[in-house]
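**Student:** got a structure for you, letters missing:
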């Protein structure tokens, strides 16, 4: 069975039509690189981009990161050839295929069936799948999608730009905050009311994360369009991490380090988690089910939270991925 326990803190998008970017991609420090055949490639460049991706997979050294290919959508004339040619010619180099605009389980079942035939014919190891949830239909079916191909599906990605278009959300930005989305406070003593911005994408992010965690998948956040807005990127990434997210796309190399930083537990967080585990171990030895630490009550739920954080850091350290 193909590996699923890989790092996804940062996933770098690289247009397969750009040879210079392809050459630099393996050494950027991203946990995963996906070679894009879809949105970042013009229609006239699709076939050449596919050839470039196959060349890059076969000739470049990808030992420092995982590598994926985003194929074109199933509603295009390019998708079937993307899958067949990439998988047949370089399937032994691929970690995953990234499938865009997944709307129903049948989309992934089709891709998985095609890959299974290619793998049997070529003797390749199993190629896992990433699924982009970026339409209203996909979000409406996200729980069914998450459980559709359990042996092969590895991660779901929230594609904010296409999701906004699909739901007709009134925004033209790619991720980030919307000044129109917020709440008003009650009037204060002087009668003044204050407007507080909110996260327009909280619901779809949270729903996708729950679907992922219920099925052992990695929840990944998609693009943040303003590559100059470091603080904005960090804010969105931290919000996604706070909800339980695993990582985020980088559409420019400058965003890789930001993603790695956010999705790597800090030394202070790990130290506190270890203190919690030690305190609970001592309490258990004394026959107590709960204990106070720094004025806060700890119980079995605290153990589970601490264990998750420590395990995540151990995984990152074992892969040499500490930020």
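**Tutor:** Cool, the structure landed. Everything numeric in this text was worked out from a predicted model, so none of it was measured.
**Student:** for the residue lying closest to residue 197 once chain neighbours are set aside, what are its contacts?
**Tutor:** Leaving out its chain neighbours, the residue that sits closest to residue 197 by CB to CB, 6 or more residues apart in numbering is residue 182, at 4.6 Å. Using the backbone N, CA and C atoms, a C-beta is placed for each residue, glycine as well. Counting by CB atoms under 8 Å, 6 or more residues apart in numbering, residue 182 touches 195-198.
**Student:** now do the helices in the protein.
**Tutor:** 19-24, 46-59, 79-90, 105-122, 136-140, 142-146, 160-166, 202-214, 230-243, 256-262, 267-285, 300-318 (DSSP state H).
**Student:** nearest to residue 66, of those helices?
**Tutor:** Proximity to residue 66 (CB to CB) singles out helix 46-59 among the helices of the chain, at 11.9 Å.
**Student:** thinking again about what came up before, dump the helices of the chain to a markdown table, plus distance to residue 32.
**Tutor:** A markdown table is the format used below for these (distance: least, CB to CB, whole Å):
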| stretch | distance to residue 32 |
| --- | --- |
| helix 19-24 | 15 |
| helix 46-59 | 14 |
| helix 79-90 | 16 |
| helix 105-122 | 18 |
| helix 136-140 | 21 |
| helix 142-146 | 19 |
| helix 160-166 | 18 |
| helix 202-214 | 16 |
| helix 230-243 | 15 |
| helix 256-262 | 10 |
| helix 267-285 | 23 |
| helix 300-318 | 14 |
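**Student:** let me have these in a markdown table, extended by distance to residue 30 and mean pLDDT.
**Tutor:** Listed next are the helices of the chain as a markdown table, based on distance: least, CB to CB, whole Å; pLDDT from 0 to 100:
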| stretch | distance to residue 30 | mean pLDDT |
| --- | --- | --- |
| helix 19-24 | 11 | 97 |
| helix 46-59 | 14 | 98 |
| helix 79-90 | 19 | 98 |
| helix 105-122 | 24 | 97 |
| helix 136-140 | 25 | 98 |
| helix 142-146 | 24 | 98 |
| helix 160-166 | 19 | 95 |
| helix 202-214 | 20 | 97 |
| helix 230-243 | 14 | 96 |
| helix 256-262 | 5 | 97 |
| helix 267-285 | 23 | 75 |
| helix 300-318 | 14 | 74 |
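**Student:** now distance to residue 13 and mean neighbour count too, for these, in JSON lines please.
**Tutor:** Output for these, formatted as JSON lines (distance: least, CB to CB, whole Å; neighbours: other CB atoms under 10 Å):
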{"stretch": "helix 19-24", "distance to residue 13": "10", "mean neighbour count": "15"}
{"stretch": "helix 46-59", "distance to residue 13": "13", "mean neighbour count": "19"}
{"stretch": "helix 79-90", "distance to residue 13": "16", "mean neighbour count": "19"}
{"stretch": "helix 105-122", "distance to residue 13": "20", "mean neighbour count": "16"}
{"stretch": "helix 136-140", "distance to residue 13": "19", "mean neighbour count": "18"}
{"stretch": "helix 142-146", "distance to residue 13": "21", "mean neighbour count": "20"}
{"stretch": "helix 160-166", "distance to residue 13": "12", "mean neighbour count": "20"}
{"stretch": "helix 202-214", "distance to residue 13": "19", "mean neighbour count": "18"}
{"stretch": "helix 230-243", "distance to residue 13": "14", "mean neighbour count": "18"}
{"stretch": "helix 256-262", "distance to residue 13": "11", "mean neighbour count": "21"}
{"stretch": "helix 267-285", "distance to residue 13": "28", "mean neighbour count": "15"}
{"stretch": "helix 300-318", "distance to residue 13": "22", "mean neighbour count": "15"}
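**Student:** picking up where we left off before, for residue 118, state which of the contacts of residue 182 is nearest.
**Tutor:** Of the contacts of residue 182, the one sitting nearest to residue 118 (CB to CB) turns out to be residue 198, at 45.4 Å.
**Student:** nearest residue to residue 94 other than its sequence neighbours?
**Tutor:** Sequence neighbours aside, residue 127 is the residue nearest to residue 94 in space, at 5.0 Å (criterion: CB to CB, 6+ apart).
**Student:** let me see the contact set for the one you found.
**Tutor:** Here residue 127 is in contact with 2, 87, 91, 94-97, 115, 119, 152 (CB under 8 Å, 6+ apart).
**Student:** Serialize those residues to a markdown table and add fields for distance to residue 63.
**Tutor:** Output for the contacts of residue 127, formatted as a markdown table (distance: CB to CB, whole Å):
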| residue | distance to residue 63 |
| --- | --- |
| 2 | 17 |
| 87 | 21 |
| 91 | 17 |
| 94 | 14 |
| 95 | 12 |
| 96 | 17 |
| 97 | 20 |
| 115 | 23 |
| 119 | 22 |
| 152 | 23 |
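**Student:** just the buried residues of these.
**Tutor:** Buried subset of the contacts of residue 127 (neighbour count, 16 or more other CB atoms under 10 Å): 2, 87, 91, 94-97, 115, 119, 152.
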